[in-house]
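S.K.: dropping a prediction and its sequence here:
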Amino acid sequence: MASLSPSPKSPEISEKSKKYDRQLRLWGDHGQAKLEASRICLINANATGTEILKSLILPGCGSFTIVDNHVVSQEDIGNNFFLDNDCLGKNRGESSRQLVLELNADVSGESIDNSPENILSQDPNFFSNFTVIIGSQLSEKVLILLSKTLWEQKVPFLYCHCIGFIGWIRLQLTEHTVIESHPDNVIEDLRLDIPFPELVNYMNNIHLTEREEAIKTPWLVLLYKGLEAYMKDDEDRVIENNSHSVMDTTEKTHPCRMTSRQKQEFKNFLRKYLISLGLRNNDESFEETLRAVNIALTKTEISTSVENILRDPKVVAVPESSKFWIMCLGLKGFISVNGHLPLRGTLPDMTADSQKYISLQNIYREKASKDVDDVFGYCQQSIQELGPNNRMTLRREDVRLFCKEAYNLSLIRGRPIFEELESSPANILHELAQNSEDCEEDKIYYLIFRGTLRFFSEYNAYPGALTDYEPDIIRFKQLTAKVLNEWNSSLTIKEDFIHEMCRSGAAEVPSVAAFIGGCVAQEVIKIVTSQYIPLNNTLIYNAISSTTTSFEV
């Protein structure tokens, strides 16, 4: 008996891949590499701040720095899981650093016993060395100063504040571009309305004459052949009508440009066509082909958001030295010649003979690869136009990913926090005034947070933090009325909101801190990896009603 050769071994998975397996499925090796190269700065290691660090250290951020000149109090020990009784009276930043580092040996961290305002006055460029800055529970004065500095330095800044059962997150981005936005619903790029020559040649060489052949054929081929027969049937009908001197000027709409109701007509035709090939209702290929009508027959077009990006002033003849804008210029050159975006080059799963599916897949992949080469060539021309002193290097792999995701490019230009705090939230006030009877509580709490910042500026404490909260209710109510008057608003905030904020005494509830910490860490990862669409620009978490509301101010 002939001996059987051993089956090939599966490639060994590295320890890092095992450790980060689940998150690698979300943002890939390239996203993980960016995360591991990131430098995070946290200002104030309070309960919320350490929860943020926890959710960044566990997935493997590169390094972090804590800026905190506070000493650990009994209150800190009560609400911060990363502090214990031995930390009492010690620097909060250093105590937190030692304990959070135990979460992941791959991450390094340091702490600085100083205040952000001192650092800004001594070394304004200190914060420019970081990938992202996170601030928690800052005074309005420091928040404005820090916001201005980071806005000028174009460093992403996330501010968060938790009081009682309410949390506030504010993201400041000067400009943020996203290539891999990971939309919930991906529209397949099959080009059935404008088939490229290689696809047409491939399809023309397929002749379905037997049932056994049709059963093994990918549904994309069956759909293409059905489309071809449908459009040809219309041509035959017109010729026949003309031969009988019947005037019929009605042109049949291509199914990719039909409404849902019109597609039903084509679906009926397709069902008859598949039966003519010998397929039966219970055949998988029969069912798959009919199901694919709604997802595969889409018009090939450029989304409005992508068109707006390509019309941006930064997409000029010689763009700034940025890979994203260079690739946008290359994409624009490709579209000017071809009239559409590069082919994505991926196919959905299909029940079919493996060889047939692979050969069809190769047709799409080879066309997509050719489109990448064309875009890459346009990009190289643009880089050369930047001059001999330019040191930008653009890899073909960068362009390949860009072309694959070109349908879902995203550009965010934010508003600075200092500008927001130095003016009235006009859009929020207008919306609340229009819906005074059925107003959104979370937007009221945004106004309350603005009031707490002013309260701290005047009393050097948050409402209810130093004394019994009853006296502060009156002070806070008068102050919020004063602030609303400065904003020329006739809005009246109900006392329930005032009471809720005062009775909390600026305390951080661990569960709320954990939730906000997870949300902030998620936004940081989006920014660092340049994947997924980040918050734009405010989020309020209401643990009382278990709701989150995001809106732009």
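M.R.: Right, received. Where do you want to start?
S.K.: every contact and neighbour count from this point should use C-alpha atoms.
M.R.: Noted.
S.K.: helix or strand: which one has the closest residue to residue 315 other than its chain neighbours?
M.R.: Spatially, and ignoring its direct neighbours in sequence, residue 315 is nearest to residue 329 (5.5 Å; Cα to Cα, 6 or more residues apart in numbering). Assignment of secondary structure by DSSP states H and E places residue 329 within helix 323-338.
S.K.: residues in contact with that helix?
M.R.: For helix 323-338, contacts defined as Cα atoms under 8 Å, 6 or more residues apart in numbering pick out 177, 309-310, 314-317, 319-320, 340-342, 374-379, 382-383, 392, 394, 399, 402-403.
S.K.: measure stretch 101-120 end to end?
M.R.: Using Cα to Cα, to the nearest Å, the end-to-end distance of stretch 101-120 comes to 27 Å.
S.K.: okay, buried residues for it please.
M.R.: If you call a residue buried by 16 or more other Cα atoms under 10 Å, then stretch 101-120 has these buried ones: 101, 106-109, 111-112, 114, 116, 120.
S.K.: who's in contact with that stretch?
M.R.: Residues contacting stretch 101-120 (Cα under 8 Å, 6+ apart): 43, 54, 57-58, 60-70, 91, 93-94, 97, 126, 142, 145-146.
S.K.: recalculate using a threshold of 7 Å.
M.R.: 57-58, 60-69, 93-94, 97, 142 (Cα atoms under 7 Å, 6 or more residues apart in numbering).
S.K.: among those, name the buried ones.
M.R.: 57-58, 60-69, 93-94, 97.
S.K.: what is the nearest of the residues you listed to residue 203?
M.R.: For those, the minimum distance to residue 203 (Cα to Cα) is 47.8 Å, reached by residue 60.
S.K.: mind pulling up the pLDDT for residue 440?
M.R.: Per-residue pLDDT puts residue 440 at 80.
S.K.: how about the nearest residue to it, chain neighbours excluded?
M.R.: Residue nearest to residue 440 in three dimensions, not counting chain neighbours: residue 432, with 7.5 Å by Cα to Cα, 6+ apart.
S.K.: need the helices for the stretch 151-300 of the chain, in chain order.
M.R.: With DSSP state H, counting those that start in this stretch, the ranges of helices along the stretch 151-300 of the chain come out as 197-204, 211-215, 219-243, 260-276, 284-296.
S.K.: can you redo those helices as JSON lines with distance to residue 547?
M.R.: Below are the helices of the stretch 151-300 of the chain laid out as JSON lines (distance: least, Cα to Cα, whole Å):
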{"stretch": "helix 197-204", "distance to residue 547": "49"}
{"stretch": "helix 211-215", "distance to residue 547": "50"}
{"stretch": "helix 219-243", "distance to residue 547": "43"}
{"stretch": "helix 260-276", "distance to residue 547": "35"}
{"stretch": "helix 284-296", "distance to residue 547": "33"}
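S.K.: out of those, which gets the lowest mean score?
M.R.: Lowest mean pLDDT within those: helix 219-243, a mean of 73.
S.K.: got any ranges where the stretch 451-553 of the chain has weak pLDDT?
M.R.: Across the stretch 451-553 of the chain, nothing is flagged by pLDDT under 70.
S.K.: before we move on, back to that, okay, buried residues for the helix or strand containing the residue nearest to residue 440 please.
M.R.: Assigned by DSSP H and E, residue 432 belongs to helix 426-434. By 16+ other Cα under 10 Å, the buried positions in helix 426-434 come out as 428-429, 432-433.
S.K.: run the chain-centre distance for that helix.
M.R.: 28 Å (Cα atoms, centre = their mean, to the nearest Å).
S.K.: and if you look at stretch 87-94?
M.R.: Centroid separation for stretch 87-94 versus its chain: 36 Å, with Cα atoms, centre = their mean.
S.K.: got the CA positions of that stretch in PDB?
M.R.: Presented in PDB, the C-alpha positions along stretch 87-94 are these (Å, rounded to 0.1, in the frame of the first residue of the first chain):
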ATOM      1  CA  CYS A  87      -2.000  55.500  47.000                       C
ATOM      2  CA  LEU A  88      -3.600  58.000  49.400                       C
ATOM      3  CA  GLY A  89      -1.700  61.300  49.400                       C
ATOM      4  CA  LYS A  90       0.500  60.300  46.500                       C
ATOM      5  CA  ASN A  91       0.500  61.800  43.000                       C
ATOM      6  CA  ARG A  92      -2.600  60.500  41.200                       C
ATOM      7  CA  GLY A  93      -0.900  60.300  37.800                       C
ATOM      8  CA  GLU A  94       2.000  58.200  38.900                       C
END
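S.K.: pull out the buried positions in that stretch.
M.R.: By neighbour count on 16+ other Cα under 10 Å, the buried set for stretch 87-94 is 87-88, 91-94.
S.K.: could you give the mean pLDDT of that stretch?
M.R.: The model assigns stretch 87-94 a mean pLDDT of 95.
S.K.: next, count neighbours for residue 132.
M.R.: By other Cα atoms under 10 Å, the residues close to residue 132 number 22.
S.K.: show me what it is bridged to.
M.R.: For residue 132, the beta-bridge partners under DSSP bridges are residue 40.
S.K.: quick one: contacts for it?
M.R.: So residue 132 contacts 39-41, 155-157 (Cα under 7 Å, 6+ apart).
S.K.: residue 219 now?
M.R.: Counted by Cα under 7 Å, 6+ apart, residue 219 has contacts 285, 288-289, 350.
S.K.: measure it to residue 533 for me?
M.R.: Per Cα to Cα, residue 219 is found 33 Å from residue 533.
S.K.: residue 522 too?
M.R.: Plainly put, residue 522 is 11 Å away from residue 533 if you go by Cα to Cα.
S.K.: which of these two has more neighbours?
M.R.: Taking other Cα under 10 Å, residue 522 and residue 533 do not tie; residue 533 has more neighbours (21 against 18).
S.K.: quick one, phi psi at the more buried one?
M.R.: Main-chain torsions, residue 533, degrees, to the nearest 10: phi -90, psi 120.
S.K.: isn't it right next to residue 183, touching?
M.R.: No - assessed by Cα atoms under 7 Å, residue 533 is found out of contact with residue 183, at 8.8 Å.
S.K.: residue boundaries of the strands in this protein?
M.R.: Ranges of strands in the chain, per DSSP state E, are 39-43, 63-67, 108-112, 132-136, 157-163, 166-172, 176-178, 410-412, 538-542, 547-551.
S.K.: figure out which of those is closest to residue 468.
M.R.: Across the strands of the chain, residue 468 has its closest neighbour in strand 157-163 (16.2 Å, Cα to Cα).
S.K.: and the longest helix anywhere in the chain, what does it pack onto?
M.R.: For the chain, the helix with the greatest residue count under DSSP state H is helix 354-385. On a contact count with 3 or more Cα pairs under 7 Å, 6 or more residues apart in numbering; DSSP states H and E, helix 354-385 meets helix 323-338, helix 396-404.
S.K.: could you give the mean pLDDT of it?
M.R.: Mean predicted lDDT for helix 354-385 stands at 95.
S.K.: buried ones in that helix, by neighbour count?
M.R.: Using 16+ other Cα under 10 Å as the test for burial, helix 354-385 gives 357, 360, 364-365, 367-369, 371-372, 374-380, 382-383.
S.K.: next: stretch 72-90.
M.R.: For stretch 72-90, the neighbour count (16+ other Cα under 10 Å) marks 72-73, 76-77, 79-80, 82-84, 87-88 as buried.
S.K.: right, I'll call it a day here.
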